[in-house]
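> Make a model of this:
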Amino acid sequence: MKTKTLMMTGLLSMISAAAFAQTPVAQVHQDNAQIRQDTQQIRQDTREIKHDNAVIAEKKGEVAADKQQLRAEKQERNALARAEHAELKKGDLVGARQLDQARRDEQHAIKQEKHELRHDQKVIANHKADKQEAKLARHEEKVERHEDRVKRDHDAGKI
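Purely as a prediction, here's the structure:
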């Protein structure tokens, strides 16, 4: 009799466990696990975006410093051109030639600096565009998760 009772209780517990596994409660637990995983991913994305913002701000500071340096170099070039012109007025061709060479070297440095500045600005623009794409993708994922959550809540209300 005891064995029969134990067998019956074992069979009933197996049936109830199988029935429980097929209930919406298991689905709710699975959904909650997915929500936790999505939340972790969102936090990771947020950290990456904050890091990207810091990198962009640093690059902008470098670009501003480069622009200021470029202005200073242009002023120096103009001063050399004025000095060269003054030497030519005096008739000192050797001094004018030296100042001309110095001015040309300065002009070359300015062109190089402008090129680097434009390159830095392009890098910043590309980085911003990538960040914006990541934000849009993240927003779309949020909307999708919200729709899933609303559907899950609606289905849970039917239980």
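
> For Val143, grab the count of nearby residues.
Using other CB atoms under 10 Å, Val143 has 10 other residues around it. Just so you know, the C-beta spots here come from the backbone N, C-alpha and C atoms, and that holds for glycine as well.

> Could you tell me how far it is located from His154?
17 Å (CB to CB, to the nearest Å).

> Repeat that for Lys135.
Noted for Lys135: a distance of 29 Å to His154, by CB to CB.

> More neighbours: which of those two?
Lys135 (13 against 9).

> The more buried one: helix or strand, and which one exactly?
For Lys135, the host element (DSSP states H and E) is helix 93-158.

> other SSEs contacting that helix?
Packing partners of helix 93-158 (3 or more CB pairs under 8 Å, 6 or more residues apart in numbering; DSSP states H and E): helix 24-90.

> Give me the mean pLDDT for the helix it packs on.
Confidence over helix 24-90 (mean pLDDT, whole number) is 83.

> And it, how far out from the chain middle?
Distance, stretch centre to chain centre, for helix 24-90: 10 Å (CA atoms, centre = their mean, to the nearest Å).

> Then stretch 126-140?
With CA atoms, centre = their mean, you get 7 Å for stretch 126-140.

> So what angle separates the directions of the helix holding Lys135 and helix 24-90?
In terms of direction (axes from the mean of the first three to the mean of the last three CA atoms, to 10 degrees), helix 93-158 departs from helix 24-90 by 170 degrees.

> for Arg149, what are its contacts?
Shown in contact with Arg149 (CB atoms under 8 Å, 6 or more residues apart in numbering): 31, 35.

> try 6 Å
With contact set as CB atoms under 6 Å, 6 or more residues apart in numbering, Arg149 has no partners.

> any idea how far it lies from Thr46?
For Arg149, the distance to Thr46 (CB to CB) stands at 19 Å.

> Same check on Lys60?
Taking CB to CB, one finds Lys60 at 21 Å from Thr46.

> Same question for Gln40.
Distance from Gln40 to Thr46, counting by CB to CB: 11 Å.

> Convert stretch 42-58 to PDB, keeping the C-alpha atoms and dropping everything else.
C-alpha atoms of stretch 42-58 as PDB (Å, rounded to 0.1, in the frame of the first residue of the first chain):
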ATOM      1  CA  ILE A  42      21.600  49.100 -22.300                       C
ATOM      2  CA  ARG A  43      23.900  50.100 -19.500                       C
ATOM      3  CA  GLN A  44      26.900  48.900 -21.400                       C
ATOM      4  CA  ASP A  45      25.800  50.900 -24.500                       C
ATOM      5  CA  THR A  46      25.300  54.000 -22.200                       C
ATOM      6  CA  ARG A  47      28.900  53.600 -20.800                       C
ATOM      7  CA  GLU A  48      30.200  53.400 -24.400                       C
ATOM      8  CA  ILE A  49      28.300  56.500 -25.500                       C
ATOM      9  CA  LYS A  50      29.700  58.400 -22.500                       C
ATOM     10  CA  HIS A  51      33.200  57.300 -23.400                       C
ATOM     11  CA  ASP A  52      32.600  58.400 -27.000                       C
ATOM     12  CA  ASN A  53      31.400  61.800 -25.800                       C
ATOM     13  CA  ALA A  54      34.500  62.200 -23.800                       C
ATOM     14  CA  VAL A  55      36.700  61.300 -26.800                       C
ATOM     15  CA  ILE A  56      34.800  63.800 -29.000                       C
ATOM     16  CA  ALA A  57      35.200  66.600 -26.400                       C
ATOM     17  CA  GLU A  58      38.900  65.900 -26.200                       C
END
